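A.B. asks: pasting the structure only:
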């Protein structure tokens, strides 16, 4: 029978963070695996030390062939953004966690953390953080040498998320532990090397956040002037976004984004996903960028005329097409081929010619198609009376990619 490998979580205080039983297991082992910092806590260890470097797959292959007693040391809780999650799927492990850095940080704050939103920027891009955390009362962020406390503050200020204060906890549990509260502007001006690389940032909301529900009013968006009104109107936008059937982690394309209204609504639903917007007009790009800052949606916006630029986007779960500028067939072919199974393409068409062409092409690809003709009128005062002002009728075409299509 294969002997289980023991994985032990350890704190910055080294041996002092371990139960006596865990320390005994370390010294009784014949192979001790861990990062350089964890292994340094045991200078008198007599067995073989294996430093974790590079890809974990090679470590798994090595440990699978070992018959000796093995202990793996990991920082804090190995199953909390740690190596335990991966190794437990590959090896027979017994896991003995220490407290996580998030748990320690909230303890230093004297705050409960069962209601906190927790995310990691360690080895990851910051892009998309804005919509993930917007409106959350407490946010714990694991950092790295690029995504520092100062970089996080700069990012939040870009999206005017000034309702947060930051608590920075460094070297938790170690001799050089330091914790403190910072205003975002103050944190933005602090040079990065002031903080230890081993830190965690907790954001606490101290003022109200702006709130927008699905169906943001048209006049909230910055739009092109003097031709104001080149925007997917609220009523059509709400129907179209609903037809996309977005999930929390959806990957979304918005082709012909213009003001970015559909992309913004999508990003506020698919907060853990990604949204990619394409627009050929530079003036509209400028307005789009102003809008995504206002509505706190960190979207990838590309200035190109479709289908150019689409090949650089990851395969989507949902595609919205607000305009094709005459290249509908090429655009739809790429979208149909790239769309993931059970994904949806929603296209807004003004003319029956575009409706017919799109519907025929979706049928060629074996997609299931539904069409809505939306005719919307808005009330408008006239003297002391009320009349209705009609918007342009819009065909909303929803095409679903079924298995085998």
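C.D. replies: Cool, the structure landed. Values in this document were obtained by computation on a predicted structure and should not be read as measured data.
A.B. asks: My understanding was that residue 279 contacts residue 256; is that so?
C.D. replies: Yes: counting by CB atoms under 8 Å, residue 256 is a contact partner of residue 279 at 6.6 Å. No exception for glycine: its C-beta is placed from N, CA and C like everyone else's.
A.B. asks: Comparing the two, which residue is more hemmed in?
C.D. replies: residue 279 (28 against 22; other CB atoms under 10 Å).
A.B. asks: Now the more buried one: phi and psi?
C.D. replies: phi -150, psi 130 (degrees, to the nearest 10).
A.B. asks: per-residue pLDDT, the closest residue to it other than its chain neighbours?
C.D. replies: Of all residues beyond its chain neighbours, the one nearest residue 279 is residue 257 (4.8 Å), with distances taken as CB to CB, 6 or more residues apart in numbering. Looking at residue 257, its pLDDT reads 94.
A.B. asks: where's residue 257, which helix or strand?
C.D. replies: Per DSSP states H and E, residue 257 falls between elements, in no helix or strand.
A.B. asks: And for the one 5 residues further on?
C.D. replies: Taking DSSP H and E as the criterion, the element that holds residue 262 is helix 261-269.
A.B. asks: and what of residue 42?
C.D. replies: Assessed by DSSP H and E, residue 42 sits outside every helix and strand.
A.B. asks: hang on, the earlier thing: what's the distance between the residue nearest to residue 279 and residue 250?
C.D. replies: 16 Å (CB to CB, to the nearest Å).
A.B. asks: Could you check which of these two is surrounded by more residues?
C.D. replies: When residue 257 and residue 250 are compared for neighbours, residue 257 comes out ahead with 30 against 23, by other CB under 10 Å.
A.B. asks: hang on, isn't the residue nearest to residue 279 packed against residue 322?
C.D. replies: Yes: contact criterion CB under 8 Å: residue 257 and residue 322 qualify, at 6.9 Å.
A.B. asks: low-scoring pLDDT stretches of this structure, where are they?
C.D. replies: Applying pLDDT under 70 to the chain flags residues 1-2, 192, 226-229, 405.
A.B. asks: any chance you could map the helices in the stretch 101-250 of the chain?
C.D. replies: Secondary structure of the stretch 101-250 of the chain (DSSP state H, counting those that start in this stretch): helices located at 101-109, 129-133, 149-158, 184-188, 234-244.
A.B. asks: Show me what the fourth one is packed up against.
C.D. replies: Helix 184-188 sits against helix 149-158, strand 164-170, with contacts defined as 3 or more CB pairs under 8 Å, 6 or more residues apart in numbering; DSSP states H and E.
A.B. asks: One more: the first one?
C.D. replies: Here helix 101-109 touches strand 138-142, strand 164-170, strand 178-183, strand 199-205, going by 3+ CB pairs under 8 Å, 6+ apart.
A.B. asks: got the angle between that helix and strand 199-205?
C.D. replies: Here the directions of helix 101-109 and strand 199-205 differ by 60 degrees (axes from the mean of the first three to the mean of the last three CA atoms, to 10 degrees).
A.B. asks: was I right about residue 96 contacting residue 4?
C.D. replies: No: at 11.4 Å, residue 96 does not count as touching residue 4 under the criterion of CB under 8 Å.
A.B. asks: between those two, who's got more neighbours?
C.D. replies: residue 96 (19 against 12).
A.B. asks: For residue 262, list the residues it contacts.
C.D. replies: 232, 237, 240-241, 254, 320, 322 (CB atoms under 8 Å, 6 or more residues apart in numbering).
A.B. asks: correction: residue 111
C.D. replies: 138, 204.
A.B. asks: and if you look at residue 63?
C.D. replies: 5, 33, 70, 91.
A.B. asks: For residue 401, see how far away residue 359 is.
C.D. replies: 15 Å.
A.B. asks: who has more neighbours, the two?
C.D. replies: residue 401 (23 against 18).
A.B. asks: Hmm, residue 340 and that one touching each other?
C.D. replies: Yes: counting by CB under 8 Å, residue 401 touches residue 340, with 7.3 Å between them.
A.B. asks: rewinding a little: residues shared between the contacts of residue 279 and residue 256?
C.D. replies: With CB under 8 Å, 6+ apart, residue 279 and residue 256 have no common neighbours.
A.B. asks: secondary structure element for residue 49?
C.D. replies: In this assignment (DSSP H and E), residue 49 forms part of strand 48-51.
A.B. asks: make that residue 345, sorry
C.D. replies: With DSSP H and E as criterion, residue 345 is part of strand 344-349.
A.B. asks: Return the residues in contact with residue 375.
C.D. replies: 390-391, 393.
A.B. asks: I'd like these laid out as JSON lines, including secondary structure.
C.D. replies: Below are the contacts of residue 375 laid out as JSON lines (DSSP: H, G, I helix; E, B strand; the rest coil):
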{"residue": "390", "secondary structure": "strand"}
{"residue": "391", "secondary structure": "coil"}
{"residue": "393", "secondary structure": "coil"}
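A.B. asks: returning to what we had before: could you dump the helices of the stretch 101-250 of the chain into CSV with mean neighbour count and distance to residue 13 added?
C.D. replies: Converted to CSV, the helices of the stretch 101-250 of the chain look like this (neighbours: other CB atoms under 10 Å; distance: least, CB to CB, whole Å):
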stretch, mean neighbour count, distance to residue 13
helix 101-109, 19, 11
helix 129-133, 22, 31
helix 149-158, 20, 23
helix 184-188, 18, 27
helix 234-244, 21, 50
